[in-house]
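Peer 1: Mind folding the following:
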Amino acid sequence: MSLFKRENRDAALGNLTDLLALREGGLRNYSGEEVNEQSALGISTVFSAISLLADSIALLPLKTMRYDGQKVIHTEKPKFLEKPNVAQDISMFSLVHQTISTLAMHGNAFILVDRDRQGRPVQLTPIHPEKVKVEMDNGKKCFMLQTKRGSYDRKITTYNMLHLIWYQYPGQLVGVSPLRANGNTYGLALAMERHLSQFYGQGGTPSSVLETDRDLTAEQATVLKETWLGNHNRNRKPAVLTGGLKWKAISAAAGDELIAARDQITHEIARVFRIPAHLLLAKDGSNVYSNLESNGLAFIRHTLLPWIRRIEDSFTTLLPGKQVVRLDTDEYARGDQLSRVRSFQVAISSGMMTPNEARSKLDLEPYEGGDKFYIGLQGALIDPTLPPQGVDEHDPTNIVNEQ
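Peer 2: Numbering: from 1, shown residues only. Have a look, this model is predicted:
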């Protein structure tokens, strides 16, 4: 038991050590660059990857429902899922966006849950990971929240705190920090950006040189350079060289090699977040699917779905009874308009969907009588009072006439 407590304590302290290192300068890595929250966001690929994840998931409509056997019944969303925090003006989009961004950056995300006297959630507040310590108290997980005094002296139970984790080892209280796990990749990207900026910003390689076999004084060399720049800077007119003077261009191949290496780092970072490289505008980021619908489904299945499930499971714990939270991913699974209409036509004619349900997917108003199910037999209505098809009491070919 003491060993278990010690391991949990070490895990919590390890997470705190990471956060302190990030706040005081950054985690060290082989590149020598300081990797912290701000410097990592300075890498365009990291910023693009995290914002793509956060934006894509925060845009999804959030719905609440409950299951009655095989029947799905949509329920009214509680107010705290419409406007999670009125005092801080935090919308549901903002809450999900901050949660996914923090989760992708730190591997942990915390949401403080305020409840009324009846225990019903009334307000949700995202908390930065550096303000939370995770501990075990009498065999139960709890959170120590940093107050304005700077100390971690406010104890929060799991009843009032949602803790979302990206990647977690067995027996650990906190998730793995992506900043630490990928410190070398991020550090290499920062080192390349710095070196490229210095290479081009400081002009370490001249664009060309003027050569001659004659010995020139410093004054003559200065006059020759200024004369050349005065006549040919931003001027494509032909140059006439005399007296054995030769012009020679200098290749910036070293800079080109660095740019190619930086493109490779873009693919490495895309691999960290399991995002198709072409969505991060990476060079040579091939698109393996031939149409928009297949791309959307692959992005949902391989990239977004695990993040979505973490959000759904956490928010579901705040709902009473058998209600669940679901994020609607139909928006990303849409094909072209003709394909959608045909799919709805098949769903309606096979009795899987009512016309009004199909119209709602197309953002169209319902019409009277559109809530009935049909079968693909001369447009006949499904009547539960009729005998099953194929028996002697009922001829399925005469459904319309019988009605």
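
Peer 1: tell me the strands in the stretch 251-400 of the chain, going along the chain?
Peer 2: Assigned by DSSP state E, counting those that start in this stretch, the stretch 251-400 of the chain shows strands spanning 323-327.

Peer 1: low-scoring pLDDT stretches of it, where are they?
Peer 2: Scanning the stretch 251-400 of the chain for pLDDT under 70 picks out 251-258, 284-293, 331, 333-337, 376-400.

Peer 1: Please enumerate the helices of it.
Peer 2: Secondary structure of the stretch 251-400 of the chain (DSSP state H, counting those that start in this stretch): helices at 253-272, 292-299, 305-316, 337-349, 355-361, 399-402.

Peer 1: roughly how far is the second one from the heart of the chain?
Peer 2: Offset of helix 292-299 from its chain centre (Cα atoms, centre = their mean, to the nearest Å): 16 Å.

Peer 1: Show me the domain layout of this protein.
Peer 2: Structural domains annotated on the chain: 2-187+264-280, 206-251, 336-403, as defined by automatic domain parsing.

Peer 1: tell me the average confidence for stretch 61-72?
Peer 2: Stretch 61-72 carries an average pLDDT of 86.

Peer 1: again with stretch 171-182
Peer 2: pLDDT averaged over stretch 171-182 gives 90.

Peer 1: can you give me the end-to-end distance of it?
Peer 2: Distance across stretch 171-182, first residue to last, is 22 Å (Cα to Cα, to the nearest Å).

Peer 1: Now do the buried residues in it.
Peer 2: By neighbour count with 16 or more other Cβ atoms under 10 Å, stretch 171-182 contains the buried residues 172-180, 182. To be clear about C-beta, it is placed using only N, CA and C from the backbone, and glycine gets the same treatment.

Peer 1: How many residues are close by the closest residue to Arg359 other than its chain neighbours?
Peer 2: Once flanking residues are discounted, Arg359 sits nearest to Pro366: 6.0 Å by Cβ to Cβ, 6 or more residues apart in numbering. Pro366: 13 surrounding residues under other Cβ atoms under 10 Å.

Peer 1: Would you agree Pro366 is in contact with Lys372?
Peer 2: No. Contact between Pro366 and Lys372 fails when scored by Cβ atoms under 8 Å: they sit 11.7 Å apart.

Peer 1: where along the stretch 1-150 of the chain do the strands fall?
Peer 2: Using DSSP E, counting those that start in this stretch, the strands of the stretch 1-150 of the chain run over 62-68, 71-75, 108-115, 121-127, 132-137, 140-146.

Peer 1: out of those, which comes closest to Arg326?
Peer 2: Across these, Arg326 has its closest neighbour in strand 62-68 (5.2 Å, Cβ to Cβ).

Peer 1: For Ser48, which non-adjacent residue is spatially closest?
Peer 2: Ser48 sits nearest to Leu280 (Cβ to Cβ, 6+ apart), 5.2 Å away.

Peer 1: what residues are up against that neighbour?
Peer 2: Leu280 makes contact with 45, 48-49, 52, 266, 269-270 under the criterion Cβ atoms under 8 Å, 6 or more residues apart in numbering.

Peer 1: How about Asn231?
Peer 2: Contacts for Asn231 (Cβ under 8 Å, 6+ apart) come out as 237, 239.

Peer 1: Please identify which helix or strand holds it.
Peer 2: Assigned by DSSP states H and E, Asn231 falls within helix 218-232.

Peer 1: Whichever helix or strand comes after that helix: partners in the sheet, and parallel or antiparallel?
Peer 2: Scanning forward in sequence from helix 218-232 by DSSP H and E, the next helix or strand is strand 246-249. Using DSSP bridges, the strands paired with strand 246-249 in its sheet are strand 208-211 (antiparallel).

Peer 1: would you list the buried residues of stretch 171-182 in JSON lines and tack on secondary structure and distance to Arg359?
Peer 2: JSON lines is the format used below for the buried residues of stretch 171-182 (DSSP: H, G, I helix; E, B strand; the rest coil; distance: Cβ to Cβ, whole Å):
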{"residue": "Gln172", "secondary structure": "coil", "distance to Arg359": "49"}
{"residue": "Leu173", "secondary structure": "coil", "distance to Arg359": "49"}
{"residue": "Val174", "secondary structure": "coil", "distance to Arg359": "47"}
{"residue": "Gly175", "secondary structure": "coil", "distance to Arg359": "43"}
{"residue": "Val176", "secondary structure": "coil", "distance to Arg359": "46"}
{"residue": "Ser177", "secondary structure": "coil", "distance to Arg359": "47"}
{"residue": "Pro178", "secondary structure": "helix", "distance to Arg359": "43"}
{"residue": "Leu179", "secondary structure": "helix", "distance to Arg359": "47"}
{"residue": "Arg180", "secondary structure": "helix", "distance to Arg359": "50"}
{"residue": "Asn182", "secondary structure": "coil", "distance to Arg359": "46"}
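
Peer 1: how near is the residue nearest to Arg359 to Pro306?
Peer 2: Pro366 sits 35 Å away from Pro306, going by Cβ to Cβ, to the nearest Å.

Peer 1: Alright, that wraps it up for me.
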